[in-house]
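[1] return a 3D structure for these sequence lines:
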Amino acid sequence: MSNCSGIPDVRCKCDRPTTIATTWKAENVGRRFFGCANYPNSGYCNYFQWIDDPVCDRAKQIIHGLLKKMNALTAENRELNLR
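    Residues are numbered from 1 along each chain as shown. This is a model prediction of the structure:
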């Protein structure tokens, strides 16, 4: 069975529905994965499974650049709001 987004319902080793998260680490930026719903609490089962295929190098560069710009604008906005 799958949810409305076409992603299958997956259960972890704890026999609970997994959570879907997105990594922003450089080597897999923007890639979604299933993880144990108990994480980061004690007793999680370390379940992990990629949903998306690896991102090409050019896409990684573009996403990294956009994140860098977004973080700079967020910091600038925060500074302006403090004034």
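[2] tell me the contacts of the spatially most central residue of the chain?
    In the chain, the centroid-proximal residue (C-alpha atoms, centre = their mean) is residue 22; its distance is 0.9 Å. Contacts of residue 22 were listed using C-beta atoms under 8 Å, 6 or more residues apart in numbering, and they are 30-33. Backbone N, C-alpha and C define where each C-beta goes, glycine included.
[3] that one and residue 55: what is the separation?
    11 Å (C-beta to C-beta, to the nearest Å).
[4] next: residue 40.
    25 Å.
[5] returning to that earlier point: any shared contact partners between residue 22 and residue 55?
    Joint contacts of residue 22 and residue 55 (C-beta under 8 Å, 6+ apart) are 30-31.
[6] residue 20 falls within a helix, correct?
    No. According to DSSP: H, G, I helix; E, B strand; the rest coil, the state of residue 20 is strand, so it is not within a helix.
[7] my guess is it contacts residue 33. True?
    Yes. Contact criterion C-beta atoms under 8 Å: residue 20 and residue 33 qualify, at 7.3 Å.
[8] which one's more surrounded, these two?
    residue 33 (17 against 14; other C-beta atoms under 10 Å).
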